[in-house]
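A.B. asks: Build me a model from this:
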Amino acid sequence: MCGRFALTATPNQVRETFGLVEVDGFPPRFNIAPTQPILAITQSNRPDPGSNLPDREARLLRWGFLPGWVKDPRDFPLLINARSETAIEKASFRAAMRHRRVLIPASGFYEWRRPPKESGEKPQAYWIRPRQGGVLGFAGVMEIWASAGGSEVETGAILTTAANHAMRPIHDRMPVVIAPEDFTRWLDCRTREPREVQPLLKAVDDDFFEAIAVSDRVNKVANMGPELQEPVALEDPKHAASAPKQDSTQLSLF
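C.D. replies: The predicted structure follows:
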């Protein structure tokens, strides 16, 4: 799964990577958590005839997908990820996979290796980033949820797939990364049906990412600085403390 990620690239790097005409300024974010606003790239409905760039635009979504038919979000589970293998078939994601596919810009993501409780080891956090650097485009879906009062919130989820061989010792799932040459294909919901983009929903090559052990400070959403990505030495399991509790306090759009 993907429960925390970061976007530390500059707005200009995001603009160039995704072929945007413009993008509003934003600060680096080192600890993006569920229910917080996330940046998403969509196919624009307002093409610019004077530009040679693709017809794309950036927008903010709430990270936590809500299908349009949900009446009260408090009675619906928080969907931050969607399994790419079954998203086309699931009632929650079926319409979004057909009509509202997006790219989620990221610099990398965090994952936790969680040993069996009987081992005495505590969970270990890892900062997972592309070896060659740059900005990633996670595969995502979005949906517009409307309250009974008529207000609308744009929500989204990140698609995941089975982890590749290199990432499997940490976790059995990982985000789907769309290659830059496939951005247009993935975002084209006008002419390409979900089955036509299904081949894109796969794990990256084993050597694409590097995993860096980091401290458990990333567990707490209030920690937002670059020190979260500083490497730490792995503890001897024999002397490891009990597993830290993950902070549940999160910035919400509701």
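A.B. asks: those helices in the stretch 51-200 of the chain, which residues are they?
C.D. replies: Assigned by DSSP state H, counting those that start in this stretch, the helices in the stretch 51-200 of the chain fall at 94-99, 183-187, 194-197.
A.B. asks: Any chance you could list what contacts the last one?
C.D. replies: This points to helix 194-197. Residues lying outside helix 194-197 but in contact with it, judged by CB atoms under 8 Å, 6 or more residues apart in numbering, are Ala87, Ile88, Met97, Arg98, Arg101, Arg185, Trp186. All C-beta spots, glycine's among them, are computed from the backbone N, C-alpha and C.
A.B. asks: Narrow those to just the buried residues.
C.D. replies: Ala87, Ile88, Met97, Arg101, Arg185, Trp186 (16 or more other CB atoms under 10 Å).
A.B. asks: if we can go back for a sec, of the helices of the stretch 51-200 of the chain, which is nearest Ala213?
C.D. replies: Between Ala213 and these, the tightest spacing by CB to CB is seen for helix 183-187, at 31.5 Å.
A.B. asks: And the residue nearest the centre of this structure?
C.D. replies: The C-alpha lying nearest the average C-alpha coordinate of the chain belongs to Ile158 (CA atoms, centre = their mean; 4.5 Å).
A.B. asks: Span of stretch 204-219 from start to end?
C.D. replies: The first and final residues of stretch 204-219 sit 26 Å from each other (CA to CA, to the nearest Å).
A.B. asks: tell me the mean pLDDT for it?
C.D. replies: Taken as a whole, stretch 204-219 carries a mean pLDDT of 97.
A.B. asks: Kindly report the same for stretch 56-74.
C.D. replies: In this model, stretch 56-74 carries a mean pLDDT of 94.
A.B. asks: Tell me which residues of it come out buried.
C.D. replies: Within stretch 56-74, the residues scored as buried using 16+ other CB under 10 Å are 56-59, 61-67, 70, 73.
A.B. asks: Columns distance to Gln198 on top of these, output as TSV?
C.D. replies: TSV is the format used below for the buried residues of stretch 56-74 (distance: CB to CB, whole Å):
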residue	distance to Gln198
Arg56	22
Glu57	25
Ala58	26
Arg59	25
Leu61	23
Arg62	26
Trp63	24
Gly64	24
Phe65	19
Leu66	24
Pro67	21
Val70	26
Pro73	29
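A.B. asks: Which of those fall within strands?
C.D. replies: In strands, defined here by DSSP state E, the members of the buried residues of stretch 56-74 are Arg56, Glu57, Ala58, Arg59, Leu61, Arg62, Trp63.
A.B. asks: quick one: which of those residues is nearest Ala179?
C.D. replies: With CB to CB as the yardstick, the closest approach to Ala179 among these comes from Arg56, at 15.7 Å.
A.B. asks: Please tell me how far the closest one sits from Ala6.
C.D. replies: 22 Å (CB to CB, to the nearest Å).
A.B. asks: Centre of the chain to the longest helix along the chain, how far?
C.D. replies: The helix spanning the most residues in the chain, taking DSSP state H as the definition, is helix 11-18. Its chain's average C-alpha position is 17 Å from that of helix 11-18, according to CA atoms, centre = their mean, to the nearest Å.
A.B. asks: Would you mind listing the buried residues in that helix?
C.D. replies: For helix 11-18, the neighbour count (16+ other CB under 10 Å) marks Pro11, Gln13, Val14, Arg15, Thr17, Phe18 as buried.
A.B. asks: ok, now stretch 83-96?
C.D. replies: Buried residues in stretch 83-96, counted by 16+ other CB under 10 Å: Arg83, Ser84, Ala87, Ile88, Ser92, Phe93, Ala96.
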